[in-house]
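Enquirer: Fold the following and give me the result.
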Amino acid sequence: MRKLSDLDLANLISKRIFEIGDLTELSLDSMAIFTGVSYSTLRSISKASLSISLDSFARICSPFNISLSDFFDPQKVLSIDCKKLEELNLFKMASSPLRNQKRDLVSPISLTKGTNAIYKQERDFLAQMIYTTEYFSTARTLDQITADFGAMNQILISPERLRIMLKKYVGQEILEKKVIPKAERKPTDPSRPYFYFKK
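Expert: Numbers count the residues shown, from 1 in each chain. I've put the predicted structure just below:
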């Protein structure tokens with residue numbers, strides 16, 4: 001394999017992102033949530049305008065069973081057997097329009113039965129994201145989780161409600177939480193904001 005220039009490499013990486021998207025039928029924002037690589041990073045490298053760390057490449061390749069050597073070989077045509085990727089299928093099922101439509105259909109029932117049905121939907125969705133995806137392999141704030149869940153599944157959970165729900169998984173030592181450094185905090189953050197991530 002010939003040595004690639006920086007421009008060749010950037011274009012190859014961009015091509016790979018689009019290949020993965022085509023093979024998996026994931027949009028960039030869905031790919032970001034599934035892999036744990038931020039949307040802004042994926043968007044930049046898809047435009048051949050940003051280099052990223054080897055760890056980020058591993059995060060992109062690993063969930064799809066793509067070796068790094070194949071990813072960086074310009075002569076190689078990527079192949080992804082989506083049927084064998086259980087986590088990917090569960091993720092796509094959780095975020096599919098059909099699933100969202102089904103959730104919409106039960107909304108009138110939720111209204112008549114009070115908030116319990118809505119809370120159960122929220123708990124079930126959070127459990128699915130923790131146990132069946134790599135979403136929490138990347139440390140995330142309550143605001144990030146709230147925004148991602150809203151974009152992905154049309155579930156609007158307040159940061160305070162999420163904090164209460166996540167407390168259970170922190171107590172069971174399934175998730176960890178770490179105080180966000182002061183330099184990374186926003187003016188709107190509470191006095192002790194946290195990152196949440198898988199152990």
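Enquirer: can we go C-alpha only for contacts and neighbour counts from here?
Expert: Will do.
Enquirer: need the contact list for the most centrally placed residue in the chain.
Expert: Centroid check for the chain by C-alpha atoms, centre = their mean gives Ile33 as the closest residue, at 1.6 Å. By C-alpha atoms under 8 Å, 6 or more residues apart in numbering, the residues touching Ile33 are Tyr39, Tyr135, Asp148.
Enquirer: Off-centre distance for stretch 64-81?
Expert: Taking C-alpha atoms, centre = their mean, to the nearest Å, one finds the center of stretch 64-81 at 21 Å from the center of the full chain.
Enquirer: got the contact list for Phe64?
Expert: Neighbouring residues of Phe64 by C-alpha under 8 Å, 6+ apart: Ile80, Cys82, Leu85.
Enquirer: which of the residues in the helix ranked longest in the chain are buried?
Expert: What stands out as the longest helix in the chain, according to DSSP state H, is helix 6-24. Of the residues in helix 6-24, 9-20, 24 count as buried by neighbour count, 16 or more other C-alpha atoms under 10 Å.
Enquirer: how deep is Gln75 tucked in, by neighbour count?
Expert: 9 (other C-alpha atoms under 10 Å).
Enquirer: Wait, a strand at it?
Expert: No - under DSSP: H, G, I helix; E, B strand; the rest coil, Gln75 sits outside any strand and is assigned coil.
Enquirer: Return the distance of it relative to Ser51.
Expert: Applying C-alpha to C-alpha, to the nearest Å, the value for Gln75 to Ser51 is 21 Å.
Enquirer: Likewise for Phe149?
Expert: 28 Å.
Enquirer: repeat for Cys82
Expert: In this view, Cys82 and Ser51 are 27 Å apart by C-alpha to C-alpha.
Enquirer: Count residues in the vicinity of the residue nearest to Leu9 when sequence neighbours are not counted, would you?
Expert: Excluding the flanking residues, the one nearest Leu9 by C-alpha to C-alpha, 6 or more residues apart in numbering is Phe72, at 8.0 Å. Phe72 has 15 neighbouring residues, counting by other C-alpha under 10 Å.
Enquirer: ditto for Tyr194
Expert: Neighbour tally, Tyr194, other C-alpha under 10 Å: 20.
Enquirer: Got the phi and psi for the spatially closest residue to it that is not a sequence neighbour?
Expert: The spatially closest residue to Tyr194, leaving aside those adjacent along the chain, is Val179, at 4.4 Å (C-alpha to C-alpha, 6+ apart). Main-chain dihedrals, Val179, degrees, to the nearest 10: phi -60, psi 130.
Enquirer: how much space is there between Val179 and Tyr169?
Expert: Val179 is 16 Å from Tyr169, by C-alpha to C-alpha.
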